[in-house]
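Visitor: Prediction below, plus the sequence it came from.
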Amino acid sequence: EPEVTQTPSHQVTQMGQEVILRCVPISNHLYFYWYRQILGQKVEFLVSFYNNEISEKSEIFDDQFSVERPDGSNFTLKIRSTKLEDSAMYFCASSELAGVLGIQYFGAGTRLSVL
Amino acid sequence: GENVEQHPSTLSVQEGDSAVIKCTYSDSASNYFPWYKQELGKRPQLIIDIRSNVGEKKDQRIAVTLNKTAKHFSLHITETQPEDSAVYFCAASRGDDKIIFGKGTRLHILP
């Protein structure tokens, strides 16, 4: 069964450093998402992406965050200058269709630890 | 914006008994309600979903009910088995790309 894959599984970084979290969505999917989950809290929507553009973003997704689809397979989340409060599990998801018709399939996540 | 509340945060059930997890949502425009199961160290996986034009949906041992008037929806697992132990997340969506999750319920199936 096709899966969304994320690398690395765990990323440790110093505060103020840039990090790039990588995702390979399911190959025929056109809609891509990033979510995050701070330890012990709920999964929170960050951003959705379609046709090389951001479709929607949350208040969390400020100027420090950016997303990119650099090639035909990867979908990345960049945090320019990490803060302690960026420590969380980051999940990538993809769907074939949008909205209620599009089941979102999640990757296993990248645990980001900012020291 | 949408807010999804989920209860209980932890649930222990004897193997073979039923488990019920309840969620409420705030945005009356929400019309899609998926449930995800996350086993330890693994990805969230969709186990069942319901759309606002139906009140109940069943898939083998799992059922979900939706009460749009009260803005409640629930997950029911019957004849629980050890492999049902996991964290379960309810979620709601207005039909756009954004899914709003509950905080999760850690379900323990006791032998």
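Guide: Nice, thanks for sending it over. Numbering: from 1, shown residues only, chains lettered A, B, ... in the order given.
Visitor: who in chain A is up against chain B?
Guide: A:3-4, A:31, A:33, A:35, A:41-45, A:48, A:50, A:55-56, A:58, A:91, A:98-100, A:102-109 (Cβ under 8 Å from any Cβ of the partner chain). Glycine gets a C-beta too; all of them are placed from N, C-alpha and C.
Visitor: Are any of the residues you listed buried, and if so which?
Guide: A:4, A:31, A:33, A:35, A:42-45, A:48, A:50, A:55, A:58, A:91, A:100, A:102, A:104-109 (16 or more other Cβ atoms under 10 Å in any protein chain shown).
Visitor: returning to that earlier point: filter the residues of chain A next to chain B down to just the ones in strands.
Guide: Mapping the residues of chain A next to chain B onto strands (DSSP state E) picks out A:31, A:33, A:35, A:43-45, A:48, A:50, A:55-56, A:91, A:105-106.
Visitor: What is the nearest of the residues you listed to B:Lys98?
Guide: Nearest to B:Lys98 out of those is A:Phe45 (Cβ to Cβ; 4.6 Å).
Visitor: Can you tell me which residues in chain B are near chain A?
Guide: By Cβ under 8 Å from any Cβ, the part of chain B that sits against chain A consists of B:4, B:31-32, B:34, B:36, B:41-46, B:49, B:51, B:89, B:91, B:93, B:95-104.
Visitor: 10 Å instead?
Guide: By Cβ under 10 Å from any Cβ of the partner chain, the residues of chain B that approach chain A are B:1-6, B:9, B:31-34, B:36, B:38, B:41-46, B:49, B:51-52, B:89, B:91, B:93-104.
Visitor: Can you select the buried ones among the residues you listed for me in PyMOL?
Guide: One line in PyMOL is enough to select the buried members of the residues of chain B next to chain A, burial here meaning 16+ other Cβ under 10 Å:
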select buried, chain B and resi 2+4+6+31+32+33+34+36+38+43+44+49+52+89+91+93+94+95+97+98+99+100+101+102+103+104
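Visitor: In contact with the residue nearest the centre of chain A, which residues?
Guide: The residue lying closest to the centre of chain A (Cα atoms, centre = their mean) is A:Trp34, at 3.1 Å. By Cβ atoms under 10 Å, 6 or more residues apart in numbering or on different chains, the contact set of A:Trp34 is A:21, A:23, A:44-49, A:57-58, A:60-61, A:65, A:67, A:75-77, A:90-93, A:107.
Visitor: can you put the ones in strands among the residues of chain A next to chain B in CSV and add pLDDT?
Guide: Listed next are these as CSV, based on pLDDT from 0 to 100:
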residue, pLDDT
A:Tyr31, 93
A:Tyr33, 95
A:Tyr35, 95
A:Val43, 88
A:Glu44, 92
A:Phe45, 93
A:Ser48, 93
A:Tyr50, 91
A:Ser55, 91
A:Glu56, 91
A:Phe91, 95
A:Tyr105, 91
A:Phe106, 92
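Visitor: Who does the residue nearest to the centre of chain A form a beta bridge with?
Guide: A:Val47, A:Cys92 (DSSP bridges).
Visitor: on that earlier part again, mind checking which of the residues of chain B next to chain A are in strands?
Guide: Among those, the ones falling in strands (DSSP E) are B:4-6, B:32-34, B:36, B:38, B:45-46, B:49, B:51, B:89, B:91, B:100-101.
Visitor: roughly how far out does stretch B:79-86 sit from the chain middle?
Guide: 14 Å (Cα atoms, centre = their mean, to the nearest Å).
Visitor: where does chain B have low pLDDT?
Guide: For chain B, no stretch has pLDDT under 70.
Visitor: got it, and chain A?
Guide: Residues of chain A meeting the criterion pLDDT under 70: A:100.
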